[in-house]
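Participant: Sequence unavailable; structure follows:
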């Protein structure tokens, strides 16, 4: 029977998470929830940090198999630091994304992970790149991923504006993640946000009781 | 005329016959209904698909069940049409016996009874909405499986997954009729942009004591968002 009600757990592609990245005026915000689940009903960690720093101003977050993601990001971190030493300058965000793309494309049969790479560099300023499952690389002004992202496509399509201020962008990201966590049972916990600008990298944690509440809560 | 998918993989008919000869007709869709003080606003997209082919791009998924009770259909087109026809008959008969307008809850119960009894055979997600003199505007949802519950706002169909976040953040209790119309049109537009099985035009219906007002929003008149 053709089912239109396919559940992301059955697809096995995006597992238990909601991640997003959004460009604002002067930087990027990359964010995620903090839940790691085994199957549909056991939460193996309530406070995992899915935002991985691959260089001073470049962060990655992962959707998919945690094991694959850790292997790829470790490799990417190493290659990126080597590249940065050779070039004698901080790496471009595109370089980081390219390394992830090479790894994902060349090993597409074995891997089951997609990445969002976001950061700031001197050449192009704030940027966001998505490396999807098969190894496609795409640059976008904002992007969402993970199983919880299906529920917030409408919200982010409606609410995103180019060139937001930092406060607006933090509000946008927090709201989007809270809405996704409210509907997706394998996303939850706290909201981790990392704000990347030329000057600094700031890690913001919004605990469960400080998340925005919506009409039915 | 239709070839089951299992046969086609065995005999490799995949390239010989187009996709739509092997697929059931489905209203993979986005449907929505909102209560307001004095009535309900219902909305739906207009796409019916047979696999990758759009069999009808101007479908009317808002089906009248009684004078002031409508239903929005999602899932198998055949199943939902059959259920709606059966409930329309049962409700009409009941209303004549009672000699007064039927309750929206009665219509929803009839849908629920049928959807639950035949839950193994059916693939139907239905939203029942309307107005009656006893309780005013009401929205009841009868999703796949045959549960029934009343909700102030309800979304359904394949496209609904994408707008849960939007609906959760934008719905406020006690909206006016115009606000509900705008809210429904925007939510359906966002879903139609993301869901491949939803699209076409937006059909809206307002049901109140005065009766039923229907409107259509064509593709080029849909609300626009900065990303869309």
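Facilitator: Noted; the coordinates are in hand. Computed from a predicted structure; not experimentally measured.

Participant: List the strands paired with whatever helix or strand residue B:65 lives in, with their directions.
Facilitator: Secondary structure assigned from DSSP states H and E places residue B:65 in strand B:62-66. Strand pairing for strand B:62-66, using DSSP bridges, gives strand B:69-76 (antiparallel).

Participant: tell me the contacts of the nearest residue to residue B:145 once chain neighbours are set aside?
Facilitator: Among residues not flanking residue B:145 along the chain, residue B:119 sits closest, at 5.7 Å (C-beta to C-beta, 6 or more residues apart in numbering or on different chains). Any C-beta I mention is one placed from the backbone N, CA and C, and that applies to glycine too. If you count contacts by C-beta atoms under 8 Å, 6 or more residues apart in numbering or on different chains, residue B:119 has them with B:144, B:145, B:146.

Participant: Other residues contacting the strand holding residue B:65?
Facilitator: B:42-44, B:70-73, B:84, B:87-88, B:91-92, B:95, B:101-102, B:107, B:128, B:130, B:203, B:205, B:212, B:214.

Participant: what's the spacing between that strand and its chain's center?
Facilitator: 11 Å (C-alpha atoms, centre = their mean, to the nearest Å).

Participant: Kindly report the same for stretch B:57-71.
Facilitator: With C-alpha atoms, centre = their mean as the basis, stretch B:57-71 stands 8 Å off its chain's centre.

Participant: Also stretch B:75-94?
Facilitator: Chain-centre distance of stretch B:75-94: 13 Å, with C-alpha atoms, centre = their mean.

Participant: Would you mark the buried spots in that stretch?
Facilitator: If you call a residue buried by 16 or more other C-beta atoms under 10 Å in any protein chain shown, then stretch B:75-94 has these buried ones: B:75, B:76, B:77, B:79, B:80, B:83, B:84, B:87, B:88, B:90, B:91.

Participant: ok, residues contacting that stretch?
Facilitator: If you take C-beta under 8 Å, 6+ apart as the criterion, stretch B:75-94 is touched by A:4, B:24-27, B:48, B:63-66, B:69, B:71, B:73-74, B:102, B:106-107, B:110-111, B:114-115, B:122-126, B:144, B:157.

Participant: Which parts of chain B are helices?
Facilitator: Here chain B has its helices, by DSSP state H, at B:5-11, B:77-98, B:104-117, B:164-170, B:177-194.

Participant: What mean pLDDT does the last one get?
Facilitator: Taken as a whole, helix B:177-194 has an average pLDDT of 96.

Participant: and it, does that touch chain A?
Facilitator: Yes: counting by C-beta under 8 Å from any C-beta of the partner chain, chain A has neighbours in helix B:177-194: B:186, B:187, B:190, B:191, B:193, B:194.

Participant: Please apply the same query to the third one.
Facilitator: No: figure legend: helix B:104-117 not in contact with chain A (C-beta under 8 Å from any C-beta); closest approach 14.1 Å.

Participant: Contacts made by that helix with the rest, please.
Facilitator: With C-beta under 8 Å, 6+ apart as the test, helix B:104-117 has contacts from B:65-66, B:69, B:71, B:83, B:86-87, B:90-91, B:94, B:122, B:124, B:126, B:128-132, B:135, B:138, B:140, B:142, B:144-148, B:150.

Participant: List the buried residues for stretch A:100-119?
Facilitator: Buried-residue list, stretch A:100-119, by 16+ other C-beta under 10 Å: A:100-104, A:111-119.

Participant: and the helix or strand encompassing residue A:118, which strands flank it?
Facilitator: Here residue A:118, judged by DSSP H and E, is contained in strand A:113-121. Using DSSP bridges, strand A:113-121 pairs in its sheet with strand A:58-64 (antiparallel), strand A:125-131 (antiparallel).

Participant: what is the mean pLDDT for the longest helix that chain A contains?
Facilitator: Counting by DSSP H, the longest helix found in chain A is helix A:66-87. Across helix A:66-87, the average pLDDT comes to 92.

Participant: Now residue 187: closest residue in space that isn't a chain neighbour?
Facilitator: By default, I'm working from chain A. Counting by C-beta to C-beta, 6+ apart, residue A:148 is the residue found nearest to residue A:187 once chain neighbours are left out, at 3.8 Å.

Participant: oops, chain B please
Facilitator: Nearest to residue B:187 is residue B:163, by C-beta to C-beta, 6+ apart, at 4.9 Å.

Participant: What are the neighbouring residues in contact with the one you found?
Facilitator: Contacts here follow C-beta under 8 Å, 6+ apart; on that basis residue B:163 touches A:153, A:154, A:155, B:30, B:155, B:187, B:188, B:190, B:191.

Participant: How far does stretch B:29-39 sit from its chain's centre?
Facilitator: 10 Å.

Participant: what do you get for stretch B:174-193?
Facilitator: 15 Å.

Participant: And for stretch A:167-183?
Facilitator: 13 Å.

Participant: what mean pLDDT does it have?
Facilitator: The average pLDDT for stretch A:167-183 rounds to 96.

Participant: do the same with stretch B:136-143
Facilitator: For stretch B:136-143, mean pLDDT rounds to 97.

Participant: Run through who's touching that stretch.
Facilitator: B:33-40, B:104-105, B:108, B:111-112, B:115, B:124-132, B:148-154, B:156, B:207-208.

Participant: contacting residues around residue B:182?
Facilitator: Residues in contact with residue B:182 (C-beta under 8 Å, 6+ apart) are residue B:223.

Participant: hang on, the earlier thing: would you mind checking the contacts of strand B:62-66 for buried ones?
Facilitator: B:42-44, B:70-73, B:84, B:87-88, B:91, B:95, B:101-102, B:107, B:128, B:130, B:203, B:205, B:212.

Participant: And the helices in chain A, which stretches?
Facilitator: Assigned by DSSP H, the helices in chain A fall at A:8-11, A:66-87, A:93-106, A:153-159, A:166-183.

Participant: want to try a markdown table for those, with distance to residue A:25 as columns?
Facilitator: Formatted as a markdown table, the helices of chain A follow (distance: least, C-beta to C-beta, whole Å):
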| stretch | distance to residue A:25 |
| --- | --- |
| helix A:8-11 | 33 |
| helix A:66-87 | 27 |
| helix A:93-106 | 17 |
| helix A:153-159 | 16 |
| helix A:166-183 | 8 |
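
Participant: Kindly reformat these as JSON lines containing distance to chain B.
Facilitator: Listed next are these as JSON lines, based on distance: least, C-beta to the nearest C-beta, whole Å:
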{"stretch": "helix A:8-11", "distance to chain B": "9"}
{"stretch": "helix A:66-87", "distance to chain B": "24"}
{"stretch": "helix A:93-106", "distance to chain B": "21"}
{"stretch": "helix A:153-159", "distance to chain B": "4"}
{"stretch": "helix A:166-183", "distance to chain B": "4"}
